Structure formats: C-alpha cells, structure tokens
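> build me a model:
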Amino acid sequence: MNNQRFCIKKSTQTGSVLLEALIAVLIFSLGILALVGLQAAMIKNTGAAKYRTDASYIAQKRIGEMWADPGNLAAYVEANTDISAMIPGGRRSVIALANPTEYQVTVGWTAPGEVPAANDTTAPCFMQVAHCFTTITNIAGG
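Okay, here's the model as predicted:
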C-alpha cells in the first residue's frame, strides 16, 4: 500500500457563520428599536391631535353660545378664564375686534409634562400656556 499522507487544510473562514449571525441580530435589533421609537412618536402625536381637537370643540362651543344669544355678546367677552376642567392647563379668552360683529376666541392648553409660557405677553396666545387655538367669528345681530 501506498503510504501517503492526506493533509486537511484548515479553512480560513472559521467563525464566519457566528459573525454573520451576530450581524443579523444587530440589524434586527436596530429595526425593532426604530419601530419602538416610531410608536412612541405616534402616541405623542395622537395625544397632541386630541388636545387640538378638544380646543377646537371648546372654541366652537363658545361661538355657538354667542350665536344663540346675539343680544348679549358683551357678556361672553372674557380674558384668561380657567377651563382646566375641559382641557389640561386650559385657558380661554374671547375678545371683541375692531369690527363690532367680530370676535376672536382663543383656547390655550398645557399638556401634562410640558412647560407653559413664562408670561402672558407671548403672541399669539397671550396666556401662560404651551399651545393655543385661535378662531375669529362674525356674529351679526349683536
């Protein structure tokens, strides 16, 4: 018999499967973290949209009350009224504009965890709130 030696050469790719698996886990983890971040942003934006919708409703409700009582419009003029029961950190102002039938209704709010304005001289709200919704209405018959 022939006495030949068979040499088995060691592969230079030892551990490549492990390295590929670790890279795959890293990419997967980054994808999951991105999805969690998107979900957190979505929840925050949904909350902000709810407050804007509530503020719009509160302003439109006040305008509806004014339309129902056009002979008593001066009684609806208010400045910086606390409406925290309706919206967090809520304030409402109704002012008469230069045109005697025009009124501006402003609803401001500060969501939990937010910092309100330092004073009530900051436009457009002129209230110590973080956000505001302003609408102008024209009420005839006043």
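> what number of residues lie near residue 117?
Neighbourhood size, residue 117 [other C-beta atoms under 10 Å]: 17. All C-beta atoms are positioned from the backbone trio N, CA, C, and that covers glycine.
> scratch that, residue 79
Neighbour count for residue 79, taken as other C-beta under 10 Å: 13.
> can you tell me the SS state at it?
State at residue 79, reduced to three classes by DSSP: H, G, I helix; E, B strand; the rest coil: strand.
> cool, and the one 10 residues further on?
Classification of residue 89 into helix, strand or coil gives coil, according to three-state DSSP.
> give me the pLDDT for the nearest residue to it once chain neighbours are set aside.
Excluding its sequence neighbours, the residue lying closest to residue 89 (C-beta to C-beta, 6 or more residues apart in numbering) is residue 110, at 3.2 Å. With respect to pLDDT, residue 110 scores 89.
> residue 110 and residue 117: what is the separation?
Counting by C-beta to C-beta, to the nearest Å, the gap from residue 110 to residue 117 is 9 Å.
> between the two, what contacts are shared?
Common neighbours of residue 110 and residue 117, using C-beta atoms under 8 Å, 6 or more residues apart in numbering, are 129, 130.
> report the central residue of this protein.
Computing the C-alpha centroid of the chain and ranking residues by C-alpha atoms, centre = their mean puts residue 48 first, at 2.6 Å.
> show me the helices in this structure, by range?
If DSSP state H is used as the criterion, the helices of the chain fall at 16-68.
> low-confidence regions, the chain specifically.
Scanning the chain with the threshold set as pLDDT under 70 gives 1-14, 123-124, 141-142.
> switch to 90 and redo it
Along the chain, the model assigns pLDDT under 90 to residues 1-19, 44-45, 47-48, 69-74, 79-80, 84, 89, 98-101, 110-132, 139-142.
> circling back: how many neighbours does the residue lying closest to the residue nearest to the centre of the chain once chain neighbours are set aside have?
Spatial nearest neighbour of residue 48, chain neighbours left out: residue 111 (7.2 Å); criterion: C-beta to C-beta, 6+ apart. Neighbour count for residue 111, taken as other C-beta under 10 Å: 17.
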